[in-house]
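Q: Here's a sequence, model it:
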Amino acid sequence: MSNTISPYKLAHVVFRTAQYDKMIDYYTKFLGARTVFDNGELGLLSYDDEHHRIGITKIAGTTPKDPSAAGLWHVAFTFRTLQELLEAYSQRKEYGILPSWCVNHGPTTSMYYIDPDGNQIETQIDNLDDEATNQYMHSKSYKENPIGVEFVPEELIDKLAKGADPEEIKKRADIGPKDFNDIPREILLRCPPLASQF
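A: From the prediction side, this is the model:
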């Protein structure tokens, strides 16, 4: 039996919403995106070479999420460097867009955000190359704690400003066992952000 042919890339993500204008504004700011199409019911956004990476659809009858329901947990976007990740964090902060959770998983340094509809978004950098990531995921440290170690973005920004080596900053500390019970409730239940955040 042969394997199914794999696609060569993930093209786009589409969100269904009852808060069309708010979601268009949020993702335009969050991703530094441009609107390539908008008819008031369908908005297509791009920030790179793909004609649209994000779609926002306004569909009558759309209701708020049940935060405990099964479904897609989050969508992740990768940055090239730790400095880029932190600079994007600072730019979003100026818009009042703040992460709900910042954690070094080991393979990645990640910041999780929650959009106006309660969808989660991860922004991340890869801390290791592919081979090192595979080795790390089979390590005792990762088996004991696949969740990671929380961090404060401003502390990382300060370390970089003082000349610390980004490779050293990206190394995850061993803090003992952690599991899904240690993940903050707003991450597990995809709670909508506080009004003050956006």
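Q: alpha carbons only for contacts and neighbour counts from here, please
A: Noted.
Q: Residue 43 pairs with what?
A: residue 38, residue 56 (DSSP bridges).
Q: How much space separates it from residue 155?
A: 37 Å (Cα to Cα, to the nearest Å).
Q: Among those two, which residue is more densely surrounded?
A: The neighbour comparison of residue 43 against residue 155 (other Cα atoms under 10 Å) goes to residue 43, with 22 against 10.
Q: isn't the more buried one right up against residue 37?
A: Yes: contact between residue 43 and residue 37 holds when scored by Cα atoms under 8 Å: they sit 5.4 Å apart.
Q: what sits up against whichever strand or helix holds residue 25?
A: Residue 25 belongs to helix 20-31 when assigned by DSSP states H and E. With contact meaning Cα atoms under 8 Å, 6 or more residues apart in numbering, helix 20-31 is reached by 17, 33-35, 40-41, 43, 45, 47, 56-58, 92, 95, 97, 115-117, 198.
Q: Stretch 5-18 now?
A: Stretch 5-18 has contacts (Cα under 8 Å, 6+ apart) with 23, 50, 52-64, 117.
Q: what's the residue most central in space within the chain in contact with, if anything?
A: Geometric centre of the chain, nearest residue: residue 122, 0.8 Å, by Cα atoms, centre = their mean. Residues near residue 122 by Cα under 8 Å, 6+ apart: 74, 75, 76, 77, 110, 111, 112, 113.
Q: per-residue confidence for residue 182?
A: The model reports residue 182 with a pLDDT of 87.
Q: neighbours around it, how many?
A: For residue 182, using other Cα under 10 Å, the count is 11.
Q: Show me what counts as buried in the helix or strand of the chain with the lowest mean pLDDT.
A: The least trusted helix or strand in the chain, going by mean pLDDT, DSSP states H and E, turns out to be helix 185-188, with a mean of 75. Neighbour counts using 16 or more other Cα atoms under 10 Å place 186, 187 of helix 185-188 among the buried residues.
Q: Likewise for stretch 170-181?
A: 170, 171, 172, 178.
Q: any idea how far it is from the chain center?
A: On the basis of Cα atoms, centre = their mean, to the nearest Å, stretch 170-181 sits 19 Å off its chain's mean C-alpha point.
Q: swap in stretch 118-138?
A: 11 Å.
Q: May I see the buried residues of that stretch?
A: If you call a residue buried by 16+ other Cα under 10 Å, then stretch 118-138 has these buried ones: 118-128, 133, 136.
Q: How about stretch 74-90?
A: Going by neighbour count (16+ other Cα under 10 Å), the buried part of stretch 74-90 is 82, 83, 85, 86, 88, 89, 90.
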